[in-house]
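*Asks:* sequence first, predicted model second:
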Amino acid sequence: MQLNITCIPGDGIGPEIVNEAKKVLNKVGQVYGHTMNFTDILMGGASIDVHGVPLTEEAVATAKAADAVLMGSIGGDTTTSPWYKLPPNKRPEAGLLAIRKALNLFANLRPAVLYHELAGACPLKEEISDKGFDIMIMRELTGGLYFGERKTEEVNGVLKATDTLTYDENEIRRIAIKGFDIAMKRRKKVTSVDKANVLDSSRLWRKVVEEVAKDYPEVTLEHMLVDNCAMQLVKDPSQFDVVLTENMFGDILSDEASMVTGSIGMLASASLNDTKFGLYEPSHGSAPDIAGKNIANPIATILSAAMMLRYSFDLDKEADAIENAVKQVLKEGYRTGDIMSEGCTKVLCDEMGNLLAERIK
Ligand code: NAD
């Protein structure tokens, strides 16, 4: 198979970690008989330095022409970098918002996986972390409170601010379908999270999710109120498979779920549109404090590449091969600095990439 992948190395550690992901993908190509066609584009600070803007129309066109986009990270040190003296719409992050919009990415996936070997980094009690967990938080990305009408006005001499939370049934249906499709590739359980005891938008959410569930008889659906979900994520995270929720709830719950894994350098993510197209990137930022030192952990980006194989190319065996290589390397005791613990072997960013590529079977 020919895989046409646009890469955005970006800023900070971005180029280092994307390089390692390409190395691992090329090995997957060799072992499984696929050709990886990578085209790099500039975004964020790297694009500002060359073109004066964080994203050009040509770069968007290149991304659109690909089957999927693999990104490192963008942005610099927000207190010292000259990029942050520019107006907000010219700063590195504006490029990310613009590409998400241009590619119509409405579904955000953030897996939170606790690897047995890294359980020491989990802030939960041992009796909870011992059970392990593997959760996929699916967050609606383009609707809800963050995109509704907002205003601040003075009413009878008192300042009053209003934000509106709106969803229509089509917006809910398309993310629900994605959620159930993804559950079919996993343990076939969806927990739909809402606040249906209070909010109309949540009651519509629940109704539409139930309609969609009828097309997926193999998937178990449960509903959970968001406040309960926040508690359950720290009480018994092993109960969750796919957590399906709206924009703001997902923003908060995905950060909570990733924190309980304790390892920022291990967290992948994806944003999808209503075709197979997606943008895949680590959950962490560009880590300017360690950029250029070859010490970043490339695993989050490499696991994002595995998600790309699974969700944009339906190459499940190949995605498994990458995820198994990560488990294997951790079991053998290799660690980058951020996840280092006593008795393990500390390796550099490119050494971690080599170790993973060697273990692709
Ligand atoms: P960060 O995630 O870049 O770094 C937080 C801490 O985690 C730092 O100490 C860093 O060294 C460490 N870290 C992060 N990733 C690591 C890795 N792979 N290996 C080892 N250590 C790692 O967050 P920040 O410092 O708040 O932000 C830095 C820049 O990144 C800012 O410009 C911010 O806007 C940007 N950012 C971009 C994205 C994105 O591109 N999607 C996301 C978040 C932040």
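*Replies:* Okay, I see it.
*Asks:* any idea how far the ligand is from Val243?
*Replies:* 21 Å (CB to the nearest ligand atom, to the nearest Å). In this view, the C-beta of every residue, glycine as well, is placed from N, C-alpha and C.
*Asks:* quick one: residues contacting that residue.
*Replies:* Counting by CB atoms under 8 Å, 6 or more residues apart in numbering, Val243 makes contact with Ile135, Met136, Ile137, Met138, Thr191, Val193, Cys229, Leu253, Ala257.
*Asks:* closest to Phe38 out of those residues?
*Replies:* Closest to Phe38 out of those is Met136 (26.4 Å), distances taken as CB to CB.
*Asks:* surely the closest one is in a helix?
*Replies:* No. If the criterion is DSSP: H, G, I helix; E, B strand; the rest coil, then Met136 is strand and not within a helix.
*Asks:* what's near enough to touch it?
*Replies:* Neighbours of Met136 in contact, by CB under 8 Å, 6+ apart: Leu109, Arg110, Pro111, Ile182, Arg186, Asp241, Val242, Val243.
*Asks:* now the helices for the chain?
*Replies:* 14-32, 45-51, 57-65, 92-102, 126-129, 169-184, 200-213, 226-235, 247-261, 299-312, 316-331, 349-358 (DSSP state H).
*Asks:* so which bits of the fifth one are buried?
*Replies:* Across helix 126-129, burial judged by 16 or more other CB atoms under 10 Å covers Ile128, Ser129.
*Asks:* one more: the third one?
*Replies:* Buried residues in helix 57-65, defined by neighbour count with 16+ other CB under 10 Å: Ala59, Val60, Thr62, Ala63.
*Asks:* got these as JSON lines, with pLDDT and distance to Thr35 columns?
*Replies:* Below are these laid out as JSON lines (pLDDT from 0 to 100; distance: CB to CB, whole Å):
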{"residue": "Ala59", "pLDDT": "98", "distance to Thr35": "23"}
{"residue": "Val60", "pLDDT": "98", "distance to Thr35": "24"}
{"residue": "Thr62", "pLDDT": "98", "distance to Thr35": "18"}
{"residue": "Ala63", "pLDDT": "98", "distance to Thr35": "19"}
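*Asks:* give me the phi and psi for the closest residue to Arg203 other than its chain neighbours.
*Replies:* Leaving aside its chain neighbours, Arg203 sits nearest to Ala196 (5.0 Å; criterion: CB to CB, 6 or more residues apart in numbering). When read as degrees, to the nearest 10, the backbone of Ala196 gives phi -70, psi -10.
*Asks:* just list whatever residues bridge to Asp40.
*Replies:* For Asp40, the beta-bridge partners under DSSP bridges are Cys7.
*Asks:* show the pLDDT at it.
*Replies:* Per-residue confidence (pLDDT) for Asp40: 98.
*Asks:* count of residues packed around the nearest residue to Lys151 once chain neighbours are set aside?
*Replies:* Once flanking residues are discounted, Lys151 sits nearest to Thr162: 5.5 Å by CB to CB, 6+ apart. Residues lying near Thr162 (other CB atoms under 10 Å) number 10.
*Asks:* list the contacts of Thr162.
*Replies:* With contact taken as CB under 8 Å, 6+ apart, Thr162 is in contact with Glu149, Arg150, Lys151, Thr152, Glu153.
*Asks:* please report the distance of the residue nearest to the fourth one when sequence neighbours are not counted from Arg150.
*Replies:* With CB to CB, 6+ apart as the criterion, Thr152 has its nearest non-adjacent residue at 4.5 Å, and that residue is Ala161. When CB to CB, to the nearest Å is the yardstick, Ala161 and Arg150 sit 7 Å from each other.
*Asks:* for those two, indicate the residue with more neighbours.
*Replies:* Between Ala161 and Arg150, Arg150 has the larger neighbour count (other CB under 10 Å), namely 11 against 8.
*Asks:* near the ligand, which residues of the stretch 151-300 of the chain are found?
*Replies:* For the stretch 151-300 of the chain, the residues in contact with the ligand (CB under 6 Å from any ligand atom) are 264-265, 281, 284-290, 296-297, 300.
*Asks:* follow-up on the earlier one: so who does the residue nearest to Arg203 touch?
*Replies:* Ser202, Arg203, Trp205, Arg206, His223, Leu225.
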